[in-house]
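Test case, fold it:
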Amino acid sequence: MNYYLHNSRVLLLLFMLFFSYTAFSQEINVDVNLNIIHSVEGVSDFGRERHKIVHFAYL
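Next up, the predicted model:
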């Protein structure tokens, strides 16, 4: 089998796999609610003051 024929078969296989993946994919609906307050045990903030880390380097 020559090099060109082998490459064309590989490209054809990849194209067929890609086409079958996109042809049978399903539609996805995403619902985003920005007006919801998430809280865990009454705490609704992330506590950024506790988690701030200062990174610096000497040049």
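
Got the confidence number for residue 29?
pLDDT, residue 29: 90.

my read is it is in a strand, agree?
No. Residue 29 is assigned coil when assessed by DSSP: H, G, I helix; E, B strand; the rest coil, not a strand.

Where does the prediction get shaky in the protein?
Across the chain, the ranges flagged by pLDDT under 70 are 1-4, 21-23, 25, 46, 48, 59.

Which parts of it are helices?
Secondary structure of the chain (DSSP state H): helices at 3-23, 48-51.

Quick one: distance of the last one to the chain centre.
In terms of CA atoms, centre = their mean, to the nearest Å, the centre of helix 48-51 is found 27 Å from the chain centre.

ditto for stretch 20-36
With CA atoms, centre = their mean, you get 13 Å for stretch 20-36.

and that stretch, C-alpha only, in PDB?
Output of stretch 20-36 as PDB, limited to C-alpha atoms (Å, rounded to 0.1, in the frame of the first residue of the first chain):
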ATOM      1  CA  SER A  20     -21.100  10.700  12.700                       C
ATOM      2  CA  TYR A  21     -20.300  12.400  16.000                       C
ATOM      3  CA  THR A  22     -21.900  15.700  14.900                       C
ATOM      4  CA  ALA A  23     -24.800  14.100  13.000                       C
ATOM      5  CA  PHE A  24     -26.100  12.200  16.100                       C
ATOM      6  CA  SER A  25     -25.400  14.900  18.700                       C
ATOM      7  CA  GLN A  26     -28.300  16.200  20.800                       C
ATOM      8  CA  GLU A  27     -29.400  19.700  21.400                       C
ATOM      9  CA  ILE A  28     -28.500  21.100  24.800                       C
ATOM     10  CA  ASN A  29     -30.500  23.800  26.600                       C
ATOM     11  CA  VAL A  30     -28.800  25.800  29.400                       C
ATOM     12  CA  ASP A  31     -30.700  27.800  32.000                       C
ATOM     13  CA  VAL A  32     -28.700  30.500  33.800                       C
ATOM     14  CA  ASN A  33     -30.200  32.200  36.900                       C
ATOM     15  CA  LEU A  34     -28.200  35.200  38.000                       C
ATOM     16  CA  ASN A  35     -30.600  36.300  40.700                       C
ATOM     17  CA  ILE A  36     -30.100  33.300  43.100                       C
END
